[in-house]
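Participant: I'd like to go over a predicted model; first the sequence, then the structure.
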Amino acid sequence: MDATEFQYVPLDRSSCGIRLLRFLPNSAFFDCALETYMIDECPPYIALSYVWGTDEPSHEIRLNNRVFLVRDNLWHALSRLADQPSWDLENKQVQYFWIDALCINQKDLLERGHQVDLMGLIFSRAYMAIAWLGLAEYESDLAMEIPGPNLLTLDEEDRAVFHQNYSRYDMERCIEDLLSRDYFSRMWVVQEVLLARDIMILCGSECRSWDELSTYVAKRNYPINYPLKPSIPNAAQALITARNYLRSKLYPRLSLDSFLMRFGAGKCSDARDRVYGLLGLMRATCQHSTTLQADYTISTVQVYCRAMEFMQTEKILLPGDPSYCQEVSTVLANALDLPQSIHQSINITSTIAFHFRYEIQISGGCGFSELLHRCILPLEVICNIELTSPFDYDAKYEEVIRKLDFFPVDDNPKMWSEFEETLRYLLAIWSSYISLDPKMEQIPLNLPLDKQRHGKIWVTYQRLLHNFQLLVGRGLVLKKLQ
C-alpha cells in the first residue's frame, strides 16, 4: 500500500461522532482537512447531496496531506465548492462540509452502518444542503436562469420580455431535462432532500434555491394565460411533493411502509440502501422505535426479514389486513431485488407464522374457516401440492418442508422455527376440516403441541375446537374447496 495513501482514524461507534471536511486555504491542489466532532457540537456545516456515479475513483485530492481518490462527479462538485470554500449565509461564514464519500470510511462496514443511521440527523442539522446536479448543459443553464418563484410578480413589461426570450417549447424542454437528471431518482437523495432545512441547487456555475424551483413548477403559481405546466418526471415530482408535504404542519406521521410505497424503486448500487436510505426519514417523521438499523454485514434476505419483523412488531402491518401485508411484502422484496422463489417462500412462511398463528390467538377461533383458506391456497400454489382431499398431515408436512428447501433458514431461523411449528398445527386442523369430522377426536392426540411448552396456543386451540364443533353441530361450516 502506498505510504502516502490516506488512512481513516476509526470513529467511536458508541457515540454520535462524525467527520467534517474543510478546504485548506492558499492551495493550488484540492487540499482538505477532515476533523471529527460530536454531532451536537459541530460548527455550522453544509451537507452535500449528489450522485456517486458508476465510474472508478480516479481523481486525486488530499485529505490531511494524504492522497485520496474520488469519482468524476464528486471531483466536479469539489471544483465548484472550492471556488467558494467559505459560504456567507445569514452573516455566518460556513467553512465545513459533510460529504459521505469522504467523511465515512466506506470500506469499514460497521462504521458505514453506524454513520448511515446518523444521516437523518446529519442532514436535518446541517446549516444548509447543496444539491449538486452535475455539469452545465444548454438546457440546465436555461432552466436555472428562469426567474423567480412567481411570474405574477413581474410587471407587464418584464413579463413581455420574459415570454419573448423563452418560448413555450424551450421552457418545457429545459425544465423537464433538468428534472430528468439522475440526481432526482437516486435513493439517498430522498431523505437528504426531505430532511434538509434549506437546499441550494448547484448545476455547473448556476445556483438556485430548491424552494424557487419547486414553487416555479407548481401549477398554482402559473398565470392563467401562461403555457401549460411542463411534464415533470415522476421521481422529481415525488420529491418536490413530499418535501412540501412534510414541511407543512398538517401531514400525518408516516412510517416505513409509506416510504417504501413512494420511494422503494430509487436507484442505488446496493439494494439494501432502499431500506437503509429511509431509516433517518422514518425516525424523523414517525413515533416508532429505532430497533431497525443499517447493517452492511447481513444479506438482502436478512434485511427483508428484519424489516418485515419490525413492521409487524410495531403494528405497522396487522394480521387482520393480509392483502396490505402482501402488497408491502412485494414492494419490499422488489426493492431488495429478491428472486421471486425466495420471496414466495419467505412470504408463505410469514403468512402462516404471522397471520394464521397470531390471528387465531386474537380471534379465539372465530372466523377461522376464512383464515384457513387464506393460508392453504398459497401453500398449494407455491409448493405445488394437493390439499383438497383428506390426507395424512405428517406426510404432507414433510412434503411441504422438502418443497421449501431453498428457504434461507440461516437468515431468519426464528421465522422458520415458528413456521415449522405452526405448519403442523395448520395441517392438522385443515386435515380434519376438509373431512368435516364433527367429533374432532383425532387432532388432540396427534397435534404436535405440548400443553406445558405451548400453554397459550394449546388453550387457544381448545377454544378453536369448541367453536368448530359448534359450527359443525349447527350446520354452519363453510363449503369445502372446489
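Facilitator: That came through, no problem. Numbering: from 1, shown residues only.
Participant: wait, doesn't Leu427 sit right on Ala395?
Facilitator: No - with contact defined as C-beta atoms under 8 Å, Leu427 does not reach Ala395; the gap is 9.6 Å. (Glycine included, C-beta is placed from N, CA and C.)
Participant: which one of the two is surrounded by more residues?
Facilitator: Using other C-beta atoms under 10 Å, the more surrounded residue of Leu427 and Ala395 is Leu427, with 23 against 10.
Participant: which element is the more buried one on?
Facilitator: Using DSSP states H and E, Leu427 falls within helix 413-435.
Participant: report the mean confidence score over that helix.
Facilitator: Mean pLDDT, helix 413-435: 77.
Participant: what residues of that helix count as buried?
Facilitator: Neighbour-count burial for helix 413-435, counted by 16 or more other C-beta atoms under 10 Å, picks out 415-416, 418-434.
Participant: could you name the helices and strands sitting against that helix?
Facilitator: Secondary structure elements in contact with helix 413-435, counted by 3 or more C-beta pairs under 8 Å, 6 or more residues apart in numbering; DSSP states H and E, are helix 340-350, helix 357-363, helix 368-383, helix 393-403, helix 442-446, helix 455-474.
Participant: give me the contacts around stretch 47-56.
Facilitator: Stretch 47-56 has contacts (C-beta atoms under 8 Å, 6 or more residues apart in numbering) with 71-74, 77, 81, 97-101, 122-123, 126, 128-132, 134, 182-183, 186, 188-189, 192-193, 196, 199, 269.
Participant: kindly recompute the last result at 6 Å.
Facilitator: With C-beta atoms under 6 Å, 6 or more residues apart in numbering as the test, stretch 47-56 has contacts from 71-73, 77, 97-99, 123, 126, 129-132, 182-183, 186, 189, 192.
Participant: run the chain-centre distance for that stretch.
Facilitator: Offset of stretch 47-56 from its chain centre (C-alpha atoms, centre = their mean, to the nearest Å): 19 Å.
Participant: just the CA coordinates for it, please, in CSV.
Facilitator: Taking Å, rounded to 0.1, in the frame of the first residue of the first chain, the C-alpha atoms of stretch 47-56 are listed here in CSV:
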residue,chain,number,x,y,z
ALA,A,47,-24.2,18.7,3.6
LEU,A,48,-23.6,17.8,0.0
SER,A,49,-26.3,15.8,-1.8
TYR,A,50,-25.1,14.3,-5.1
VAL,A,51,-24.9,11.2,-7.3
TRP,A,52,-21.9,8.9,-6.9
GLY,A,53,-21.8,7.6,-10.4
THR,A,54,-20.6,4.2,-11.5
ASP,A,55,-17.0,5.1,-12.6
GLU,A,56,-14.0,4.0,-10.6
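Participant: pLDDT of that stretch, averaged?
Facilitator: For stretch 47-56, mean pLDDT rounds to 93.
Participant: ok, stretch 81-90 next?
Facilitator: Mean pLDDT, stretch 81-90: 67.
Participant: one more: stretch 178-194?
Facilitator: Averaged over stretch 178-194, pLDDT sits at 91.
Participant: again with stretch 278-297
Facilitator: Averaging pLDDT along stretch 278-297 gives 79.
Participant: how long is that stretch from one end to the other?
Facilitator: One end of stretch 278-297 to the other measures 18 Å (C-alpha to C-alpha, to the nearest Å).
Participant: repeat for stretch 95-111
Facilitator: Terminal residues of stretch 95-111 lie 25 Å apart, using C-alpha to C-alpha.
Participant: just stretch 25-39 next, same as before
Facilitator: Using C-alpha to C-alpha, one end of stretch 25-39 lies 25 Å from the other.
Participant: would you mind listing the buried residues in it?
Facilitator: Going by neighbour count (16+ other C-beta under 10 Å), the buried part of stretch 25-39 is Phe30, Asp31, Cys32, Leu34.
Participant: just put these in a markdown table and tack on pLDDT and secondary structure.
Facilitator: Converted to a markdown table, the buried residues of stretch 25-39 look like this (pLDDT from 0 to 100; DSSP: H, G, I helix; E, B strand; the rest coil):
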| residue | pLDDT | secondary structure |
| --- | --- | --- |
| Phe30 | 80 | coil |
| Asp31 | 89 | strand |
| Cys32 | 91 | strand |
| Leu34 | 95 | strand |
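Participant: and the residue minimising distance to the centre of the chain, how close does it get to Tyr296?
Facilitator: The centroid of the chain falls nearest to Val275 when counting by C-alpha atoms, centre = their mean (3.3 Å). Distance of Val275 to Tyr296, given as C-beta to C-beta, to the nearest Å: 12 Å.
Participant: re earlier: quick check, nearest of the buried residues of stretch 25-39 to Cys174?
Facilitator: Taking C-beta to C-beta as the measure, Phe30 is the one of the buried residues of stretch 25-39 closest to Cys174, at 31.2 Å.
Participant: name the nearest residue to that closest one, sequence neighbours excluded.
Facilitator: Nearest non-adjacent residue to Phe30, counting by C-beta to C-beta, 6 or more residues apart in numbering: Ile61, 3.8 Å away.
Participant: what bridges to the one you found?
Facilitator: Beta-bridge partners recorded for Ile61 (DSSP bridges): Phe68.
Participant: in which helix or strand does Ser79 reside?
Facilitator: Here Ser79 sits within helix 72-82, counting by DSSP H and E.
Participant: what do you get for Leu254?
Facilitator: Using DSSP H and E, no helix or strand contains Leu254.
Participant: ok, back up a step: how about the buried residues of stretch 25-39, which pair is most distant?
Facilitator: Among the buried residues of stretch 25-39, the pair separated by the greatest distance (C-beta to C-beta) is Phe30 and Leu34, at 12.8 Å.
Participant: rewinding a little: going by mean pLDDT, which of the helices and strands packed on helix 413-435 comes out lowest?
Facilitator: The bottom spot among the helices and strands packed on helix 413-435, by mean pLDDT, belongs to helix 442-446, with a mean of 39.
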